[in-house]
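# coords below, sequence missing:
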């Protein structure tokens with residue numbers, strides 16, 4: 001099962017009624033990563049009036065968290081979380097930092113400010129489609145190297161490493177949903193003269 005998330009980290013800034021809002025979003029893959037990211041941003045802007053945040057730290061949406069950090073209840077953290085949900089993003093954390101400018105925004109104004117800043121940041125962030133992948137080592141004789149190289153060039157995979165010894169080993173990553181047919185295809189192409197060893201499973205981001 002895949003999911004969509006931001007790629008890396010992005011910071012954007014906006015002034016609303018003299019208050020300075022700095023929004024930072026980040027890809028996270030666990031609650032520990034999300035909490036670490038939030039702690040880092042709060043430390044960076046430790047002199048700010050508020051560091052409000054929200055995150056969904058897993059691919060299923062089962063671990064949403066948010067904080068108003070001193071703003072009136074329901075005016076900051078939840079609006080940020082709603083934006084993440086509405087954009088159907090997962091494994092995504094957002095911190096909206098506010099430096100108070102002297103003009104009170106009211107509850108409605110705060111909701112619009114925090115949700116608007118989060119939305120603008122996430123719209124600007126690069127999004128990737130994160131999919132489960134499998135990594136294999138394919139070992140062949142030297143007479144099959146060119147055939148393997150052409151096969152990997154023409155198929156949807158990532159050639160990560162080549163090792164030359166008595167035989168040649170290719171380390172290749174493929175999307176899990178295509179792994180079975182990929183392995184069948186390379187075995188057929190080489191008339192069975194290949195040893196395939198599954199190394200690991202992982203999640204990788206692909207451009208949408």
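Nice, I can see it. If you're wondering where the values come from, they're calculated on a predicted model, not measured in any experiment.

# Residue 125: neighbour count?
Counted with other CB atoms under 10 Å, residues neighbouring residue 125 total 23. Placement of C-beta: from N, CA and C, glycine included.

# Can you verify residue 187 is assigned to a helix?
Yes: using DSSP: H, G, I helix; E, B strand; the rest coil, the assignment for residue 187 is a helix.

# so what's it closest to, chain neighbours aside?
The shortest distance from residue 187 to any non-neighbouring residue, by CB to CB, 6 or more residues apart in numbering, is to residue 194 (6.0 Å).

# Give me the helices and strands touching the lengthiest helix in the chain, please.
Counting residues, the longest helix found in the chain (DSSP state H) is helix 106-124. Judged by 3 or more CB pairs under 8 Å, 6 or more residues apart in numbering; DSSP states H and E, helix 106-124 is in contact with strand 9-16, strand 19-27, helix 77-86, strand 92-99.

# Export the ones you listed to CSV and append columns for mean pLDDT.
Output for the helices and strands packed on helix 106-124, formatted as CSV (pLDDT from 0 to 100):
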stretch, mean pLDDT
strand 9-16, 97
strand 19-27, 98
helix 77-86, 98
strand 92-99, 98
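
# most tightly surrounded among these?
Highest mean neighbour count of the helices and strands packed on helix 106-124: strand 92-99, a mean of 27 (counted as mean count of other CB atoms under 10 Å).

# Residue 93 versus the residue of the chain positioned farthest from its centre, what's the distance?
Farthest-out residue of the chain from its mean C-alpha position, per CA atoms, centre = their mean: residue 143, at 40.2 Å. Separation of residue 143 from residue 93 (CB to CB, to the nearest Å): 51 Å.

# returning to what we had before: the residue nearest to residue 187 touches residue 140, doesn't it?
Yes: contact criterion CB atoms under 8 Å: residue 194 and residue 140 qualify, at 5.1 Å.

# Pull up the overlap in contacts between the two.
Counting by CB atoms under 8 Å, 6 or more residues apart in numbering, the residues touching both residue 194 and residue 140 are residue 148.

# got the contact list for residue 7?
27, 125, 126, 127, 128, 205.

# Surely the fifth one forms part of a helix?
Read it as residue 128. No: counting by three-state DSSP, residue 128 is not part of a helix but strand.

# I'd assumed residue 203 was in contact with residue 132.
Yes: using CB under 8 Å, residue 132 is in contact with residue 203, at 5.7 Å.

# Would you tell me which of the helices and strands packed on helix 106-124 gets closest to residue 51?
strand 92-99 (5.1 Å; CB to CB).

# what angle do the closest one and helix 77-86 make?
140 degrees (axes from the mean of the first three to the mean of the last three CA atoms, to 10 degrees).
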